[in-house]
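Asks: Based on what follows, work out the 3D shape:
(chains A and B)
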Amino acid sequence: MDIFDFSEGREGYYGEYGGVFLPEILQATIEELLECFRECKADPKFWQDYVALLQNYSGRPTPITHLENLSRTLGGAQIYVKRDDLNHTGSHKINNVMGQGLLCQRLGKSKVIAETGAGQHGFATATMAAKFGFDCKIYMGAVDVARQRPNVFWMENLGAEVIAVEDGQKTLKDAVNECMRDWVTNMADTHYILGTACGPHPFPEMVSWFQSIIGLEAREQMLKQAGRLPDRVYACVGGGSNAMGIFQGFMNDDNVELIGSEGGGHGVGSYMHSSRLAYDDATVGVAQGYKTYFLQNDEGNMNETHSVAAGLDYIGVNPIFAHLHDQGKVRFEAATDVEVKEALKLTMRTEGLIPALESTHAFVTAIKEAPTMGKDQIILINQSGRGDKDIFTIADALDDAKWKSFIGGKADQYRGEKN
Amino acid sequence: MGLQHFIAERKQSKDILVMAHVVCGYPSFEENLQELEIMAEAGVDLVELQFPFSEPSADGPLFVHANEQSLKSGTTVEQCFEFMQLVSARFPFKVLMMGYYNTAFKMGEAAFVKRVKDAGGVGYILPDLPIEESPELHRLSEEAGIEPIILMTPTSSDKRLAKLGAVSRGLVYVVARKGVTGSKTQMGDDVLALIERCREHTDVPLGVGFGISTKEDIDVLRGHADIAIVGTAALKTWEQGGAPALREFFAELMA
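Replies: Purely as a prediction, here's the structure:
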């Protein structure tokens, strides 16, 4: 099936989800973007340039690693991991960003803006802008700025202006709103590099297209390395771009089960989570330019969300997943903050891998299910990002005394320099 | 009496009408009423009652803050409709619902139209709902006799304006410039040229908004637009100087 074939239904719709819900002032801009994207997608040379750029700049193709120790420890399915954490800037976000950078060149625009949650997308965008010579502004919720300082540090040093958004919940959704406000003002010379497969059409399709490189590589690598396709593929789902990326490699393989793992936060019934599809708290609504499942109240105002992983802490899910969930094509589970910390410790100790807190959500679900599967079965996890960026959050979670003493010492040193 | 008819009637004695704006529940419904009394005294012709939304992505900082604070103090959609009913019964100006589409979507389009109508509203402005997504809502509105207000903008091509014009009813909201609500617009030839372009594509009255804050701005529009739309400037005045300042603001604006 081709989820992006709109000839039977409405352009930009996946079942009843998706669409374009934007102020009229942006109609011409989104039309221009759609037209340019259609040209790029139809041009084989564009995709070749894109792949070559990622090979030369970001280290693609990223490898697949067989986790023999973890598989043995769990005693079930053989676990393989797609290593998108090995990309330049440390996550899959660079794929989409490089693609949109090339597209921005075709559009002839000189400025880029982006929202960021965990900071990975902002970091990747700042990197791309430095390489391509675009002016770059990153909008980031003030809460996220506070918890992801290392990424802010890099963005600023790469030449981007980072703007802390003080409205609303001061997280990812508020950064998206602020990007929209910038875009309705500066669309003539500015392209909005949306970081996930959400927002108005064509963003869900476009971001998914760029991220499909993960799945294309992974399918081929599994056949070569494991000798066959995996039985199950796991990916974490915030907006859902890394999951869309890897799942597209297996969308037409009926024997491969696709599992998305959402931010379970404090768990079912806590109302402090970011789980739109795995839990029953989300309903269909329209916000931030598209129609999908949102964590909102009966009147359509958005609820507070929470996840230990800033990159999953978001109100909506991409409209393609809302549809694939309805269709039963993708199964959704949630991983709680507590489970994530445990899975991270296990993965570090048994395999020497440090997945990002976001990606660790996929590990949680896989680790739960692997022991229930046969030793001859195979699962594939998308390690979409690396955990180094989370050192402050992880050190807090592990309550690491030596780290705290180091930070205390650094703080004293900085205070001393100030005086 | 339909919106277009009301505007035509009012225009017999004035060369330009004024539409004002309040955010329901901010700073409070009581203060909203005081603001509206001042607006009515000054002879304001139309008022947008904005229903607060958690993601007001088309609004500027002042209205964003107002939306947020109103929701924080517990404002509900039901309260906004009750307020609309009270206001439309008490004052001579006509009342429009303004807000974001999710408010209408969540209650159901048919229920939304019925509530606006029952509360005495003559129409609604949903800036994040493009015409491609609204045929059903427009049909329901026509049946009920209320008007969906279409926006025309400086980035709209002639082809687009023709499309927008074809479905316009009641009045058209001409967005004077790019950007969000609240920053200053240089009222000049660009805006007048835009109004002329819009006029070619619709027969309904034209209201011009975004960045209108002074009598001078309105003077520029006089003879070109039918309605001047004043939003942020009034709220800013209220926040800075309360009732006396707002009274003075409208007295000067509409002198």
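Asks: List the buried residues of stretch A:302-311.
Replies: A:302-303, A:305-311 (16 or more other Cβ atoms under 10 Å in any protein chain shown). (Glycine included, C-beta is placed from N, CA and C.)
Asks: ok, and the closest non-adjacent residue to residue A:29?
Replies: residue A:187 (4.3 Å; Cβ to Cβ, 6 or more residues apart in numbering or on different chains).
Asks: that older thread, which of the buried residues of stretch A:302-311 are close to chain B?
Replies: residue A:302 (Cβ under 8 Å from any Cβ of the partner chain).
Asks: Output the buried residues of stretch A:302-311 in a markdown table, with secondary structure and pLDDT appended to each entry.
Replies: Putting those into a markdown table (DSSP: H, G, I helix; E, B strand; the rest coil; pLDDT from 0 to 100) gives the following:
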| residue | secondary structure | pLDDT |
| --- | --- | --- |
| A:302 | strand | 96 |
| A:303 | coil | 95 |
| A:305 | coil | 94 |
| A:306 | coil | 93 |
| A:307 | coil | 93 |
| A:308 | coil | 91 |
| A:309 | coil | 91 |
| A:310 | helix | 87 |
| A:311 | helix | 89 |
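Asks: of the buried residues of stretch A:302-311, closest to chain B?
Replies: Nearest to chain B among the buried residues of stretch A:302-311 is residue A:302, at 4.4 Å by Cβ to the nearest Cβ.
Asks: my read: that closest one touches residue B:55, true?
Replies: Yes. Assessed by Cβ atoms under 8 Å, residue A:302 is found in contact with residue B:55 at 6.1 Å.
Asks: For residue A:180, see how far away the residue nearest to residue A:29 is.
Replies: According to Cβ to Cβ, to the nearest Å, residue A:187 stands 10 Å off from residue A:180.
Asks: out of those two, which sits in the busier spot?
Replies: Legend: neighbour count by other Cβ atoms under 10 Å in any protein chain shown for residue A:187 and residue A:180, higher for residue A:180 (28 against 21).
Asks: Quick check, pLDDT for that one.
Replies: Note on residue A:180: pLDDT of 92.
Asks: Work out for me the element it sits within.
Replies: Element membership of residue A:180, judged by DSSP states H and E, is helix A:172-186.
Asks: what comes into contact with stretch A:27-35?
Replies: Outside of stretch A:27-35, the residues within contact range by Cβ atoms under 8 Å, 6 or more residues apart in numbering or on different chains are A:20, A:22, A:107, A:183, A:187, A:191, A:200-202, B:130, B:153, B:155-157, B:160.
Asks: ok, 10 Å please
Replies: Here stretch A:27-35 makes contact (Cβ atoms under 10 Å, 6 or more residues apart in numbering or on different chains) with A:11-12, A:20, A:22, A:26, A:100, A:103-104, A:107, A:109, A:183-184, A:187-188, A:190-192, A:199-203, A:205-206, A:289, B:130-132, B:151, B:153-157, B:160, B:163-164.
Asks: Restricted to helices, list these.
Replies: A:100, A:103-104, A:107, A:183-184, A:203, A:205-206, B:160, B:163-164 (DSSP state H).
Asks: For burial, what's the neighbour tally of residue 31?
Replies: All of this is about chain A. Residue A:31 has 13 nearby residues by other Cβ under 10 Å.
Asks: that's the other chain; I wanted chain B
Replies: Other residues near residue B:31 number 15, with proximity taken as other Cβ under 10 Å.
Asks: Please name the nearest non-neighbouring residue to it.
Replies: Using Cβ to Cβ, 6+ apart, the closest residue to residue B:31 is residue B:238 (7.5 Å).
Asks: and if you look at residue B:117?
Replies: Residue B:117's closest residue in space is residue B:144 (Cβ to Cβ, 6+ apart), at 4.7 Å.
Asks: Any buried residues in the helix or strand of chain A with the lowest mean pLDDT, and which?
Replies: In chain A, the helix or strand scored least confidently by mean pLDDT, DSSP states H and E is helix A:391-397, which has a mean of 85. Judged by neighbour count (16+ other Cβ under 10 Å), helix A:391-397 contains these buried residues: A:393-395, A:397.
Asks: Tell me which stretches of chain B form strands.
Replies: B:17-23, B:46-50, B:94-98, B:123-125, B:147-148, B:150-152, B:172-175, B:206-209, B:227-229 (DSSP state E).
Asks: possible to save these as a markdown table with mean neighbour count?
Replies: Formatted as a markdown table, the strands of chain B follow (neighbours: other Cβ atoms under 10 Å in any protein chain shown):
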| stretch | mean neighbour count |
| --- | --- |
| strand B:17-23 | 25 |
| strand B:46-50 | 24 |
| strand B:94-98 | 24 |
| strand B:123-125 | 24 |
| strand B:147-148 | 23 |
| strand B:150-152 | 26 |
| strand B:172-175 | 27 |
| strand B:206-209 | 26 |
| strand B:227-229 | 25 |
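Asks: just checking, the residue nearest to residue A:29 touches residue A:25?
Replies: Yes. Between residue A:187 and residue A:25 a contact is recorded at 7.9 Å, counting by Cβ atoms under 10 Å.
Asks: Now the helix holding residue A:180 - C-alpha only, PDB.
Replies: Listed next in PDB are the C-alpha coordinates belonging to helix A:172-186 (Å, rounded to 0.1, in the frame of the first residue of the first chain):
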ATOM      1  CA  LEU A 172       7.400  21.800  22.300                       C
ATOM      2  CA  LYS A 173       3.800  22.700  21.400                       C
ATOM      3  CA  ASP A 174       4.400  26.300  22.400                       C
ATOM      4  CA  ALA A 175       7.500  26.400  20.300                       C
ATOM      5  CA  VAL A 176       5.400  25.200  17.300                       C
ATOM      6  CA  ASN A 177       2.900  28.000  17.900                       C
ATOM      7  CA  GLU A 178       5.800  30.500  18.000                       C
ATOM      8  CA  CYS A 179       7.200  29.200  14.700                       C
ATOM      9  CA  MET A 180       3.800  29.700  13.200                       C
ATOM     10  CA  ARG A 181       3.700  33.300  14.400                       C
ATOM     11  CA  ASP A 182       7.200  33.900  12.900                       C
ATOM     12  CA  TRP A 183       6.200  32.200   9.700                       C
ATOM     13  CA  VAL A 184       3.000  34.200   9.100                       C
ATOM     14  CA  THR A 185       5.200  37.300   9.300                       C
ATOM     15  CA  ASN A 186       8.400  36.300   7.500                       C
END
